[in-house]
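Q: Can you look at this prediction? I've put the sequence above it.
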Amino acid sequence: MNPQSFTTYSASQTTDVVLIGAGVMSATLGTLLHRLQPDWSIDVYERLPGVAEESSDPWNNAGTGHAALCELNYTSELPDGTIDVRKAISINEQFQVSRQLWSHLVEDGTIGDPETFINSMPHMTFVQGAADVDFLRRRYEALRAEPLFAAMEFSDDPAVIQRWAPLLIEQRKPGEPIAATRDISGTDVDFGSLSRQLFRSLESSGVRIHLNQEIKSLTQAPDGTWRLRVHHRTSGKTKDVTARFVFVGAGGWALKVLQKSGIPEACGFALLPISGQFLRTDNPALVARHQAKVYGKAPIGAPPMSMPHLDTRVVDGKASILFGPYAGSSPKFLKNGSIFDLPKSIRRHNIIPLIAMARDNIALVALLVNALTATRKKKIDELRKFVPGGTARDWRIITAGQRAQIVKKDPKKGGVLQFGTEVVASGDGTIAGVLGASPGASTAVPIMLDLLRQCFPDRYDKWQPALGELIPTFGRRLSDNPELAVHTMATTAKTLRLTEIPRPLPGRSLG
């Protein structure tokens, strides 16, 4: 589908809902609201000429269906040596909610062939060195009894790892302690394709999508409605639009828009923009021999998005392999943003959190500075730690999407760097936005459910039956119900044409 095919409409003077930014967050919220309140009018405003061209674009993110199957940052070692897996379980629970909605939308025809946006792709974690091998083994032991992780396997045998991912082992020096986990329930997700299909369906149902249009100001009227000044970037014309509810799903620019609104809930927030690059290969011989998303361990002090990973990507039916990311520093909050994004976002209420964050994250600052001077040779050298036989001629550098990590006030430290995604909503529930990054898109559905609960408390209870139809396990935890977990994952796998997870092996506990 060509995103340029979306029509730019003349906006109504008044609308029930305005969605700012045409990425996966707005697509998800728009889809939910249209199902829950089909009588509400919805307008979408996107500053670029097409939808899903920023962080939701498949080449601007790793496409990992984040389920904590391979990402080490979702598990931590406690002082007594045990592994805390609570966050991993929570992230996986959330991804299963997203899968259920997507499955429902495939079944009712809202989304077409599921292979256009989601494909089975084993998720692996690969570590080197005795200490990390020991950690990975203990992580596996802590997760294996959980029903959502029942398909996970562990091995420190190079021969087994070579069967799972040959490129990791070939030409590797023998004797080095290595280990890996693998989970065949992992997925690769094209969030750009998913977003475009959702917006196509919404548009056919009467939702108006306005491209090349940027929000310049927001002002709340005494009656609680919002007046938005909209600038058409092609014609130069401006217009005013009034909305009862505003959602800001504009990626890194969400903070800028929320700051323009003047809501006190946005005070104290700042963003640390981080750019990045990947090495990419389309060499059929290499692609045919690597079918997995393999995550390693991030450098000390680095953000989770800096975890090295060797990722198979499937975009428009064609597979490629990415390696990276190579973090960089840019003041832009979006790939198509402005170099003035960071300086213009600084306020009296967030400058102290920014300074405190920089003070307490010297290793991260050093990483970003070092990345600016990294040569292509250095990037290839990093690749060879994962792929010992990697050759420079097979790989080219591509620019990844821009990420904006949350910096927020902290009563003890002054400011902290926060990973993950956070909903920022006004006290009266008339405007809300989403800040942050990973797991982001993968957990868009539960994030939007949380937003609905916060912003529409008077309607949320009435919506629950409809939400239960869209998400069969709505309100229940799969990790507390092994049989329900197995059934749910098998059902969505069948609908989405994914690898079905085998029932647990005899003797393996499920809870």
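A: Received the coordinates, thanks.
Q: just the helices in the stretch 1-150 of the chain please.
A: Using DSSP state H, counting those that start in this stretch, the helices of the stretch 1-150 of the chain run over 24-36, 86-107, 130-143.
Q: swap in the stretch 201-350 of the chain?
A: Under DSSP H, counting those that start in this stretch, the stretch 201-350 of the chain gives helices at 254-261, 284-287, 341-345.
Q: for those, which one sits closest to residue 155?
A: helix 284-287 (22.5 Å; CB to CB). The C-beta positions use only the backbone N, C-alpha and C, and glycine is treated the same way.
Q: Show me what counts as buried in the closest one.
A: Buried positions in helix 284-287, judged by neighbour count with 16 or more other CB atoms under 10 Å: 286-287.
Q: The chain should start at 11 in everything you say after this.
A: From this message on, residue numbering opens at 11, which makes the last subject helix 294-297.
Q: what does that helix contact?
A: 177, 291, 322, 329-331, 404 (CB atoms under 8 Å, 6 or more residues apart in numbering).
Q: now, which of the residues you listed sits nearest residue 126?
A: For the contacts of helix 294-297, the nearest to residue 126 is residue 329 (14.0 Å; CB to CB).
Q: Around that closest one, how many other residues sit close by?
A: Using other CB atoms under 10 Å, residue 329 is surrounded by 17 other residues.
Q: Return the distance of it relative to residue 259.
A: Remark: distance between residue 329 and residue 259 (CB to CB, to the nearest Å) = 29 Å.
Q: For residue 355, see how far away residue 231 is.
A: 26 Å.
Q: Between those two, which has more neighbouring residues?
A: When neighbours are counted by other CB under 10 Å, residue 231 and residue 355 differ, and residue 355 comes out ahead with 21 against 9.
Q: wait, doesn't that one sit right on residue 281?
A: Yes. Judged on CB atoms under 8 Å, residue 355 makes contact with residue 281 at a distance of 6.4 Å.
Q: so what's in contact with these two at the same time?
A: 265, 343.
Q: For stretch 457-467, give the mean pLDDT please.
A: If you average the pLDDT over stretch 457-467, you get 98.
Q: Now that stretch: buried residues?
A: Quick answer for stretch 457-467 (16+ other CB under 10 Å): 457-466.
Q: circling back: so of the helices of the stretch 211-360 of the chain, which one's packed in deepest?
A: Among the helices of the stretch 211-360 of the chain, judged by mean count of other CB atoms under 10 Å, the one packed with the most neighbours on average is helix 264-271 (a mean of 22).
Q: Can you spell out which helices and strands pack onto it?
A: For helix 264-271, the helices and strands in contact under the criterion 3 or more CB pairs under 8 Å, 6 or more residues apart in numbering; DSSP states H and E are strand 223-230, strand 248-258, helix 351-355, strand 441-446.
Q: now it and strand 223-230, what's the angle there?
A: Using axes from the mean of the first three to the mean of the last three CA atoms, to 10 degrees, the direction of helix 264-271 lies 40 degrees away from that of strand 223-230.
Q: So which of the contacts of helix 294-297 is the closest to residue 248?
A: For the contacts of helix 294-297, the nearest to residue 248 is residue 330 (41.4 Å; CB to CB).
Q: Test my guess that that closest one contacts residue 290.
A: Yes. Assessed by CB under 8 Å, residue 330 is found in contact with residue 290 at 5.9 Å.
Q: buried set for the helix or strand containing residue 434?
A: Assigned by DSSP states H and E, residue 434 falls within strand 431-435. Using 16+ other CB under 10 Å as the test for burial, strand 431-435 gives 431, 433-435.
Q: Could you list every helix and strand in contact with it?
A: Counting by 3+ CB pairs under 8 Å, 6+ apart, strand 431-435 packs on strand 441-446, helix 454-465.
Q: Convert the C-alpha atoms of that strand to PDB, please.
A: Taking Å, rounded to 0.1, in the frame of the first residue of the first chain, the C-alpha atoms of strand 431-435 are listed here in PDB:
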ATOM      1  CA  THR A 431       7.100   4.300  27.500                       C
ATOM      2  CA  GLU A 432       5.000   6.600  29.700                       C
ATOM      3  CA  VAL A 433       1.500   8.200  29.300                       C
ATOM      4  CA  VAL A 434       1.300  11.800  30.200                       C
ATOM      5  CA  ALA A 435      -2.300  13.000  30.600                       C
END
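Q: Listing partners with orientation, what would you give for it?
A: strand 441-446 (antiparallel) (DSSP bridges).
Q: Dump the strand it pairs with to CSV, restricted to CA.
A: Provided in CSV are the C-alpha atoms of strand 441-446 (Å, rounded to 0.1, in the frame of the first residue of the first chain):
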residue,chain,number,x,y,z
ILE,A,441,-5.3,15.7,26.4
ALA,A,442,-2.7,13.0,26.7
GLY,A,443,0.5,11.9,25.0
VAL,A,444,3.0,9.1,25.0
LEU,A,445,6.7,9.7,25.7
GLY,A,446,9.6,7.3,25.5
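Q: residues in contact with it?
A: 35, 228, 230, 236, 255-260, 264-265, 267-268, 271, 273, 276, 279, 281, 414-416, 428-436, 457, 461, 464-465.
Q: change it to 7 Å
A: Residues from elsewhere that reach strand 441-446, judged by CB atoms under 7 Å, 6 or more residues apart in numbering: 35, 236, 256-259, 264-265, 267-268, 271, 273, 279, 415-416, 430-436, 457, 461, 464-465.
Q: Stretch 404-414 now?
A: 64-65, 67, 69-71, 262, 281-291, 293, 296, 315, 334-335, 340, 342-345, 347, 386, 393, 447.
Q: switch the cut-off to 6 Å
A: 65, 70-71, 262, 281, 283-291, 293, 315, 335, 342-345, 447 (CB atoms under 6 Å, 6 or more residues apart in numbering).
Q: do stretch 472-480 as well
A: 46, 111, 114, 484.
Q: Drop anything exposed from the contacts of stretch 404-414.
A: 65, 70-71, 262, 281, 283-291, 315, 335, 342-345, 447.
Q: Which ones among the residues you listed map onto strands?
A: Per DSSP state E, strands hold the following members of the buried ones among the contacts of stretch 404-414: 281, 283-291, 335.
Q: so which pair among the residues you listed is furthest apart in space?
A: 281 and 291, at 31.9 Å, using CB to CB across those.
Q: Distance of residue 144 relative to residue 239?
A: 58 Å.
Q: In the stretch 261-410 of the chain, where is pLDDT below threshold?
A: 309-315, 377-383 (pLDDT under 70).
Q: What mean pLDDT does stretch 27-47 get?
A: 98.
Q: Could I get the CA-only coordinates of that stretch as PDB?
A: Taking Å, rounded to 0.1, in the frame of the first residue of the first chain, the C-alpha atoms of stretch 27-47 are listed here in PDB:
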ATOM      1  CA  VAL A  27     -11.000  13.500  18.800                       C
ATOM      2  CA  VAL A  28      -7.800  14.800  17.200                       C
ATOM      3  CA  LEU A  29      -4.900  12.400  16.900                       C
ATOM      4  CA  ILE A  30      -1.500  14.100  16.400                       C
ATOM      5  CA  GLY A  31       1.000  12.000  14.600                       C
ATOM      6  CA  ALA A  32       0.200   9.100  12.200                       C
ATOM      7  CA  GLY A  33       2.200   6.300  13.700                       C
ATOM      8  CA  VAL A  34       1.300   3.000  15.400                       C
ATOM      9  CA  MET A  35       0.200   4.700  18.700                       C
ATOM     10  CA  SER A  36      -2.400   6.900  17.000                       C
ATOM     11  CA  ALA A  37      -3.400   4.000  14.700                       C
ATOM     12  CA  THR A  38      -4.000   1.800  17.700                       C
ATOM     13  CA  LEU A  39      -5.900   4.400  19.700                       C
ATOM     14  CA  GLY A  40      -8.000   5.400  16.700                       C
ATOM     15  CA  THR A  41      -8.900   1.800  16.000                       C
ATOM     16  CA  LEU A  42     -10.000   1.300  19.700                       C
ATOM     17  CA  LEU A  43     -12.000   4.500  19.900                       C
ATOM     18  CA  HIS A  44     -13.700   3.800  16.600                       C
ATOM     19  CA  ARG A  45     -14.800   0.400  17.900                       C
ATOM     20  CA  LEU A  46     -15.900   1.700  21.300                       C
ATOM     21  CA  GLN A  47     -17.500   5.000  20.100                       C
END
